[in-house]
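>>> Sharing a sequence plus its predicted fold:
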Amino acid sequence: MLDKVLIDTEYGFLGDTIHVNCCSVGVPPLRVQRVCQDFLSGEYMDLVMNRLPDGYEPQRQRTRQKLAQLICADAANIAFTASTAEGLAILAAGYPLGPGDNVVTTDLENPAGLLPWINARDNRGFELRIVRTQNGCVSADELMRAADRNTKILCLSAVQYGTGFLSDLAEIGRRCRSRGILFAVDAIQAVGRIPIDVESMDIDYLSCGGFKALAASFGVGFVFCTPAVRQTLRPVYAGAASTPRFPTAPAVFTPDYSLKRYGDARALETGSHNTFGIRMLEESTDLLLHLGIDNIHAHITSLESQLRTALRGVSLDVPAPPEKNRSGIVVATYPEGLYAEVNAILARYNIILTSRPGYIRLALNSYNTAEHVQRIAEALRTVACLCAA
């Protein structure tokens, strides 16, 4: 069960606002906001004034361990990145792929999950197979039918950003593992809201940004990468963060200097870390671990069921994936010409969600309540009446 007292402490500042938009950008809890406010005058000045003999490395290691705990991984397999897209670009650009090889993905992917593969395909000449989906859903069978003996990687989102469809990661991972296909996951819509176990799901590579359900910041994220994948991966970039030793003044680089990367996931990192973002990420992950991802997921699942029940009979197009594929993200569509009127209704109910012409998307989270669901349902019923008028 969720610690409601803690949630009220961390998110009470929202007041009467219903924020259901972590599918776009999450709400940093109060502890993260305080870290953000205090960092420059505190930890940053400690470094400037030479009061941190080990620099920020202890902080980075703490954060790796907490992120690893969040996805049931080993901290040695966690590397910091700037974003989901950067994490997937490391794989797309550095894994041995070329003419004759293929990568399988879907047409539901976020640009951050698909553009790195399109760019790598254009540069390296492998085939990118984009599975055409139906009604916003994709099954393990459909993905496996698109793969053959030349498929090197299957990459897809844990939760599809546009539809909220939750993929059967365990089944897809099992089938990829049995066929020797590397299974890569864009997890930004899942981590922090939905349990992810990279071991039991046979995930070989996972990339996640920090600004959605992780509720940390833009410009920081992480990847999980198995040792087996790292042995094959040849990162395109290198920097001081990639290696445990390099010449520093007054020593100089010599012509025979050879780069020796870290033996763990730090080998995928490049230069100066976003220490500010990592500190925020540590604090937000702390809260998630305290609340418990299973508790958060159960809460979200219950709220989604309540919302879908409240919307029965409403003349609004609200796609309903199978219950096992629900993620707490609910989508509704309506005539595009009513965009301004729909936004006015949402503002009247003080609801913050993703709103585009003809399209509404909302993502439930730990700080949402049954009362929020009732108000959202009432607002959507008002939208439905507008559409019917």
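Nice, thanks for sending it over.
>>> Quick check: residue 360 is in a strand.
Yes. Assessed by DSSP: H, G, I helix; E, B strand; the rest coil, residue 360 belongs to a strand.
>>> For it, grab the count of nearby residues.
Residues lying near residue 360 (other C-beta atoms under 10 Å) number 24. All C-beta atoms are positioned from the backbone trio N, CA, C, and that covers glycine.
>>> Would you mind giving the secondary structure of the nearest residue to it once chain neighbours are set aside?
Nearest non-adjacent residue to residue 360, counting by C-beta to C-beta, 6 or more residues apart in numbering: residue 332, 4.5 Å away. Assigned with three-state DSSP, residue 332 falls in the strand class.
>>> Do a quick rundown of the strands in the protein.
18-19, 78-81, 102-106, 127-131, 151-157, 182-186, 205-209, 221-225, 329-333, 351-352, 354-356, 359-363 (DSSP state E).
>>> so what's residue 52 scoring on pLDDT?
According to the predicted model, the pLDDT of residue 52 comes to 89.
>>> Next up, the contacts around it.
Counting by C-beta atoms under 8 Å, 6 or more residues apart in numbering, residue 52 touches 43, 46.
>>> How about the backbone phi and psi for it?
phi -120, psi 90 (degrees, to the nearest 10).
>>> Just want to check the distance between it and residue 44.
10 Å (C-beta to C-beta, to the nearest Å).
>>> Repeat that for residue 354.
Counting by C-beta to C-beta, the gap from residue 354 to residue 44 is 34 Å.
>>> Likewise for residue 102?
Residue 102 is 46 Å from residue 44, by C-beta to C-beta.
>>> Neighbour count: those two, which is higher?
residue 102 (19 against 16).
>>> Nearest residue to residue 183 in space, please, no chain neighbours.
Closest to residue 183 by C-beta to C-beta, 6+ apart is residue 176, at 4.0 Å.
>>> Kindly report the same for residue 160.
residue 108 (4.3 Å).
>>> Roughly how far does the one you found sit from residue 319?
12 Å.
>>> Can you pull the residues that touch both of those two?
Common neighbours of residue 108 and residue 319 (C-beta under 8 Å, 6+ apart) are 136, 163.
>>> Same drill for the two, tell me which one is more crowded.
The residue with more neighbours, out of residue 108 and residue 319, is residue 108; 22 against 14, by other C-beta under 10 Å.
>>> dump the residue contacts of the more buried one.
Shown in contact with residue 108 (C-beta under 8 Å, 6+ apart): 133, 136, 138, 156-157, 160-163, 165.
>>> of these, buried ones?
By neighbour count, with 16 or more other C-beta atoms under 10 Å, the contacts of residue 108 hold 133, 138, 156-157, 160-163, 165 as buried.
>>> how far does the helix or strand of the chain with the lowest mean pLDDT sit from the chain's center?
Lowest by mean pLDDT, DSSP states H and E among the helices and strands of the chain is helix 45-48, with a mean of 88. Offset of helix 45-48 from its chain centre (C-alpha atoms, centre = their mean, to the nearest Å): 31 Å.
>>> May I have that helix as PDB, with CA atoms only?
Coordinates of each C-alpha in helix 45-48 appear next as PDB, following Å, rounded to 0.1, in the frame of the first residue of the first chain:
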ATOM      1  CA  MET A  45      30.700  24.800  -4.000                       C
ATOM      2  CA  ASP A  46      32.100  21.900  -2.000                       C
ATOM      3  CA  LEU A  47      33.700  20.700  -5.200                       C
ATOM      4  CA  VAL A  48      34.900  24.200  -6.100                       C
END
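>>> Can you give the contact residues for that helix?
52, 55-56.
>>> Next up, the contacts around the closest residue to residue 11 other than its chain neighbours.
Among residues not flanking residue 11 along the chain, residue 367 sits closest, at 4.0 Å (C-beta to C-beta, 6+ apart). The contact partners of residue 367, by C-beta under 8 Å, 6+ apart, come to 7, 10-11, 14, 19, 27.
>>> again, only this time at 7 Å
In this structure, residue 367 makes contact with 7, 11, 14, judged by C-beta atoms under 7 Å, 6 or more residues apart in numbering.
>>> Neighbour count added to the residues you listed, as CSV?
Converted to CSV, the contacts of residue 367 look like this (neighbours: other C-beta atoms under 10 Å):
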residue, neighbour count
7, 20
11, 19
14, 15
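>>> Export these to a markdown table and append columns for distance to residue 303 and pLDDT.
What follows is the contacts of residue 367, written out as a markdown table (distance: C-beta to C-beta, whole Å; pLDDT from 0 to 100):
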| residue | distance to residue 303 | pLDDT |
| --- | --- | --- |
| 7 | 13 | 96 |
| 11 | 15 | 98 |
| 14 | 16 | 98 |
